[in-house]
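Peer 1: Pasting the sequence and the predicted model now:
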Amino acid sequence: MIQIEADAGKLESNHPALGIHADARLALQALLETVETRTDPAAPERVSAVLTKVRDRIAAQDLGLEQRIVASVREALPDRAPSFWDMTILAYWAWSAFDARHPNTMHSAQGAGGLGYGFPAALGAAAADPRSRSWRSPATAARCTRSRSWRRRSSTAWT
């Protein structure tokens, strides 16, 4: 296992690994520039077999409703609109069934195990790029940030 981690104290904290203390983007870029291309003629066939098994397993579980909900969310969003998912059953489904279509368009706190990620993350993204059309409207964002209950929860959650 190779672990790339910006925090040196976390290297190999859970599993033995080849620990690389670096920014992930820079480390991966360096690896891409130095590692030779490796081809595997059987890879497409193996991937297809795994996808078939997954589709068959899902089809056998009568999950049409859940699939339609995730598909409806996908249909409602523009292709390049970022989406922010909180720790909910719908997000669990989205991790495996949401078609993000473009990089940086699906964000969640997967594995972090807490509620409250979705709204602050979406608000932060809107603030980081105020020209972005991904937020519904400036009026919606302003209403949400003025909400007393949100301010009270966020001030206790982040201190």
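Peer 2: Looks like it came in fine.
Peer 1: Any figure for the gap between the closest residue to Ile2 other than its chain neighbours and Ile4?
Peer 2: Ranked by CB to CB, 6 or more residues apart in numbering and with sequence neighbours excluded, the top spatial neighbour of Ile2 is Leu18, at 4.8 Å. Where C-beta positions appear, they are placed from N, C-alpha and C, glycine not excepted. Leu18 is 9 Å from Ile4, where distance means CB to CB, to the nearest Å.
Peer 1: quick one, which of these two is more surrounded?
Peer 2: Ile4 (18 against 10; other CB atoms under 10 Å).
Peer 1: ok so that one is a helix residue?
Peer 2: No - counting by DSSP: H, G, I helix; E, B strand; the rest coil, Ile4 falls outside a helix, being strand.
Peer 1: Report the beta-bridge partners for it.
Peer 2: In this entry, Ile4 is beta-bridged to Ile20, by DSSP bridges.
Peer 1: Surely it touches Leu26?
Peer 2: No - with contact defined as CB atoms under 8 Å, Ile4 does not reach Leu26; the gap is 9.2 Å.
Peer 1: Give the residues shared as contacts by the two.
Peer 2: Counting by CB atoms under 8 Å, 6 or more residues apart in numbering, no residue touches both Ile4 and Leu26.
Peer 1: which one is the residue nearest the centre of the chain nearest to, not counting chain neighbours?
Peer 2: Note on the chain: the residue nearest the mean C-alpha position is His107, at 3.5 Å, using CA atoms, centre = their mean. In this structure, His107 finds its nearest non-sequential neighbour in Phe84, 5.0 Å apart by CB to CB, 6+ apart.
Peer 1: Quick one: classify the one you found as helix, strand or coil.
Peer 2: strand.
Peer 1: Now do it against Pro103, distance only.
Peer 2: For Phe84, the distance to Pro103 (CB to CB) stands at 15 Å.
Peer 1: When the two are compared, which one has more neighbours?
Peer 2: Applying other CB under 10 Å to Phe84 and Pro103 shows that Phe84 carries more neighbours, namely 19 against 7.
Peer 1: surely the more buried one meets Gly124?
Peer 2: No - with contact defined as CB under 8 Å, Phe84 does not reach Gly124; the gap is 9.2 Å.
Peer 1: what's the overlap in contacts for the two?
Peer 2: With CB under 8 Å, 6+ apart, Phe84 and Gly124 have no common neighbours.
Peer 1: Sweet, I'm off.
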